[in-house]
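>>> Structure for the following, please:
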Amino acid sequence: MDDERKELAGLFDSFDIDAPGGDRPLVKMRYAQCGPVAFGDVTHSGDVLVRPADSRSGYHLLVPLNGRLRSHYLGTDIVLPCGTALLYRAEGAVSTRVGAGVRVLNARFDLAHVHRVLESQVGEPVDEQILFSPVFERSTGRGMSWTRMLLTIIDQLGLDDSVMLTPSVALPYAESLVHGLLLTADHPYRRLLDRQAEPARPGAVRIAIDLMEAAPDRPLTTSVLAAEAHVSVRSLQEGFRHHLGISPMAYLREVRLRRAHESLLAADPSTTTVASVARRWGFTHLGRFAAVYQTAYGQPPATTLRAPR
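Residues are numbered from 1 along each chain as shown. Next up, the predicted model:
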């Protein structure tokens with residue numbers, strides 16, 4: 001556990017971890033940092049008690065996959081039933097008991113970044129910590145969808161050649177997790193987020209399009225595009241839907257698919273593979289890339305690559 005404290009303190013803030021029974025259980029863990037989000041996957045061989053610092057630099061989510069957590073948070077005992085997770089704020093005393101063999105997914109969301117994302121969506125400053133409800137519902141439609149997103153990137157931890165963990169893919173994905181957290185968790189701003197936003201004017205949409213066309217290989221996110229266009233995230237999303245019928249990220253995927261097609265046409269098949277081109281343009285799943293490419297261009301990407309020049 002001493003090694004665990006040292007390994008995880010930099011990612012998940014300072015915390016104390018003890019074995020109530022006096023034993024020294026072993027721990028199996030995987031972890032990574034993707035921009036504003038830190039991920040962890042931890043299983044202990046014995047019961048442990050985890051106590052994070054009372055003042056923290058981010059919002060923390062603990063997701064038990066095969067058991068329950070018992071927490072004492074803000075003076076209240078919380079027993080998390082199946083299908084829920086624990087979400088605690090950046091301040092306040094909290095202790096959590098984790099049973100032997102319970103696999104727990106951890107995610108820490110940088111406080112300042114979460115506030116910036118929320119400000120971009122609601123169009124007003126967020127000066128104090130967000131009062132998240134400690135019980136995060138995973139059994140709802142949004143909750144299940146968001147948890148699957150988290151599991152997708154957690155499953156890539158420890159894979160040296162994972163495309164998901166490269167910056168051009170991981171950073172927009174982590175950004176999507178922050179947006180999804182704000183849309184799924186219970187907090188006072190939820191009604192504002194669910195409210196229909198005014199669509200951005202064509203000029204703002206054009207600015208975002210020009211950015212995507214100029215540098216589609218950059219780790220662009222909707223937040224980055226909205227900031228450059230000087231509109232809120234929700235306004236930019238509604239602007240794209242109103243004027244183009246798709247979302248900003250769907251448009252970016254179309255640009256990247258077009259660039260992948262151009263790369264395959266220009267490439268030397270003796271030195272270039274379809275997989276390398278797909279990875280270059282941010283397509284992490286080769287099978288899905290091939291299917292989307294076939295639909296768009298009427299032939300598999302390998303056929304384009306081997307076509308006579």
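
>>> Could you pull up the residues touching the closest residue to G21 other than its chain neighbours?
Once flanking residues are discounted, G21 sits nearest to D47: 6.3 Å by CB to CB, 6 or more residues apart in numbering. Yep, even glycine has a C-beta here, placed from its N, CA and C like the rest. Neighbouring residues of D47 by CB atoms under 8 Å, 6 or more residues apart in numbering: 19-21, 25, 97-100.

>>> what's the helix or strand encompassing A226 in contact with?
Here A226, judged by DSSP states H and E, is contained in helix 222-229. Helix 222-229 has contacts (CB under 8 Å, 6+ apart) with 116-117, 120, 175, 179, 200, 204-205, 207-208, 211-212, 232-233, 235-237, 247-249.

>>> What subset of those is buried?
For these, a burial check counting by 16 or more other CB atoms under 10 Å picks out 116-117, 120, 175, 179, 200, 204-205, 207-208, 211-212, 232-233, 235-237, 248-249.

>>> ok, back up a step: quick one: average pLDDT of the helix holding A226?
Taken as a whole, helix 222-229 has an average pLDDT of 89.

>>> after it, next one along is what?
helix 233-243.

>>> ok, now how distant is the closest residue to G101 other than its chain neighbours from V79?
Spatial nearest neighbour of G101, chain neighbours left out: T43 (6.6 Å); criterion: CB to CB, 6+ apart. Per CB to CB, to the nearest Å, T43 is found 20 Å from V79.

>>> Neighbour count for these two, which is higher?
Using other CB atoms under 10 Å as the criterion, T43 and V79 rank with T43 on top: 18 against 10.

>>> Could you grab the helix/strand/coil label for Y173?
Per DSSP: H, G, I helix; E, B strand; the rest coil, the local secondary structure of Y173 is helix.

>>> Could you tell me how far the residue nearest to G21 is located from R256?
47 Å.

>>> Same check on F39?
From F39 to R256 the distance is 24 Å (CB to CB).

>>> For these two, indicate the residue with more neighbours.
Using other CB under 10 Å as the criterion, F39 and R256 rank with F39 on top: 24 against 21.

>>> hang on, that one in a helix?
No. Counting by three-state DSSP, F39 is not part of a helix but strand.

>>> I figured Q121 was touching S232, is that so?
Yes. Because the distance of 6.1 Å satisfies CB atoms under 8 Å, Q121 is recorded as touching S232.

>>> Which residues are in contact with N66?
Contacts of N66 (CB under 8 Å, 6+ apart): 101-103.

>>> now, which of those residues sits nearest Y73?
V102 (17.7 Å; CB to CB).

>>> Give the closest residue to the closest one in space, chain neighbours not counted.
G67 (3.6 Å).

>>> Check G158 too.
Closest to G158 by CB to CB, 6+ apart is R30, at 4.8 Å.

>>> Okay, and the one you found sits in which element?
Going by DSSP H and E, R30 is in strand 27-34.

>>> which helices and strands sit right next to that strand?
helix 2-12, strand 37-44, helix 167-184 (3 or more CB pairs under 8 Å, 6 or more residues apart in numbering; DSSP states H and E).
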